[in-house]
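Enquirer: Show me how the following folds:
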Amino acid sequence: MPSRPYWPPRAGALAAVLFAIALAGCGAGDDGNRAAAPTGQAREAPGGELTGVMLDMQLNEVSGLTASHLHDDVLWLHDDGDNPPRLFAVDTRGSRLATFGVEGVTKTDWEDIAGFELDGTRYLLIADVGDNGGLRRTLQLHVVEEPTVLRNARVQPAWSIAFRWPDGPRDCEAVAVDPVRGEVLLVSKKREPPELFSLPLRPPAKELLTAQRIGTLAGVPTPDAERAAASPRRARLDGQVTAAAVSPDRNTLAVMTYRYLLLYPRPANGNWADAVAGTPRTSELPWLPQAEALGWSPDGRSLYATGEFIPAPLYRIDP
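Expert: This next block holds a predicted model:
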């Protein structure tokens with residue numbers, strides 16, 4: 001089920017989006033109401049360019065985003081909650097182009113999506129890993145071929161991965177893929193600091209896997225005392241991880257929280273555990289109604305970001 005930390009789902013949302021549009025048109029990147037950055041933690045000015053607004057109610061509760069590498073200016077999205085298992089092709093202005101039902105899977109709580117190429121074929125990995133209550137014993141990743149034609153249709157998984165956590169249930173909303181290493185990366189949501197796990201992208205056999213914990217994320221911002229006192233619930237949630245994506249050149253892991261964008265460079269000849277152990281480049285996100293979805297542009301020069309609840313702005317962020 002979707003998590004609803006603090007953004008109002010509908011009441012006042014349209015006014016807030018129109019306000020964000022006005023700010024974007026003026027070149028501003030902040031809503032003017034954010035608390036000051038935590039003391040001693042430098043912040044870059046948000047650099048979000050508004051490319052569109054999603055108004056289609058079919059796109060309510062979007063929880064994952066990745067850019068297409070087969071279709072220009074197309075993003076793949078999915079939703080969570082009690083909605084059917086489906087993928088949406090959406091243009092970068094926020095208009096839905098096609099809907100694809102995913103057959104042969106049970107949808108519990110889809111929370112992220114990652115695109116990748118393997119052996120000359122483009123794929124989309126759908127992460128059914130959400131667990132707000134910490135109750136799920138097993139979780140699933142489903143891999144489908146990226147559709148080559150954008151019209152309503154049905155797709156089936158090319159393969160699926162069933163797995164469990166090594167030490168009991170936990171919530172997770174962030175998944176990324178490194179196809180060169182043959183690795184799926186998963187970042188926990190509510191643990192402090194967030195934990196990084198790894199799974200094989202193409203397991204040799206159909207069996208229940210156990211995710212391997214390979215590190216923790218350094219440098220996730222923590223609120224200062226003033227913010228914690230003024231808005232304790234928001235302050236607690238600011239650093240919870242809701243999306244992740246590996247850049248096309250495999251040099252950077254982008255991590256989204258409800259308030260921040262963190263970029264972890266991978267050291268030369270290093271792995272992703274080495275990357276998240278270092279200090280990230282950190283900036284505040286532009287205004288989003290519950291930031292949940294993030295993905296790199298195909299050229300790796302920017303990231304697309306949006307949130308749950310309609311209407312929702314769609315941003316391109318130059319890191």
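
Enquirer: how about the helices in the protein?
Expert: Remark: helices assigned in the chain by DSSP state H are 13-25, 225-230, 232-237, 272-277.

Enquirer: per-residue pLDDT, the residue most central in space within the chain?
Expert: Residue closest to the average C-alpha location in the chain (C-alpha atoms, centre = their mean): residue 243, at 2.5 Å. At residue 243, the model reports a pLDDT of 98.

Enquirer: wait, it sits on residue 258?
Expert: No - Residue 243 lies out of contact with residue 258 (C-beta atoms under 8 Å); the separation is 10.3 Å. All C-beta spots, glycine's among them, are computed from the backbone N, C-alpha and C.

Enquirer: Need the residues touching each of these two.
Expert: Counting by C-beta atoms under 8 Å, 6 or more residues apart in numbering, the contacts common to residue 243 and residue 258 are residue 291.

Enquirer: Tell me who's in contact with the residue nearest to the centre of the chain.
Expert: When contacts are counted by C-beta under 8 Å, 6+ apart, residue 243 touches 64, 65, 112, 173, 174, 255, 256, 291, 292, 293, 294, 295.

Enquirer: neighbours of the second one, just the number please.
Expert: Neighbour count of residue 65, defined by other C-beta atoms under 10 Å: 28.

Enquirer: Same check on the fourth one?
Expert: Residue neighbour count, defined by other C-beta under 10 Å, stands at 31 for residue 173.

Enquirer: my guess is it contacts residue 189, does it?
Expert: Yes - the pair residue 173 and residue 189 passes the contact test of C-beta under 8 Å, sitting 5.2 Å apart.

Enquirer: what touches both of the two?
Expert: In terms of C-beta under 8 Å, 6+ apart, residue 173 and residue 189 are both contacted by the residues 241, 242.

Enquirer: And residue 137, its phi and psi?
Expert: According to degrees, to the nearest 10, the main-chain angles of residue 137 amount to phi -80, psi -30.

Enquirer: Okay, residue 56 and residue 204: tell me how far apart.
Expert: 41 Å (C-beta to C-beta, to the nearest Å).

Enquirer: same thing with residue 281?
Expert: Residue 281 sits at a distance of 37 Å from residue 204 (criterion: C-beta to C-beta).

Enquirer: Which one's more surrounded, these two?
Expert: Between residue 281 and residue 204, counted using other C-beta under 10 Å, residue 281 has the larger neighbour count: 15 against 6.

Enquirer: Wait, that one touches residue 260, no?
Expert: No - if you go by C-beta under 8 Å, residue 281 and residue 260 don't touch, sitting 10.5 Å apart.

Enquirer: Excluding chain neighbours, what is closest to residue 254?
Expert: Residue nearest to residue 254 in three dimensions, not counting chain neighbours: residue 245, with 4.9 Å by C-beta to C-beta, 6 or more residues apart in numbering.

Enquirer: you'd agree that neighbour is up against residue 297?
Expert: No - taking contacts as C-beta under 8 Å, residue 245 lies outside contact range of residue 297: 10.4 Å.

Enquirer: what sits in contact with each of those two?
Expert: residue 303.

Enquirer: Looking at these two, which is more packed in?
Expert: residue 245 (29 against 18).

Enquirer: any idea how far residue 283 is from that one?
Expert: Distance from residue 245 to residue 283, counting by C-beta to C-beta: 15 Å.

Enquirer: so where is the stretch 101-250 of the chain shaky, pLDDT-wise?
Expert: For the stretch 101-250 of the chain, no stretch has pLDDT under 70.

Enquirer: Thank you, goodbye.
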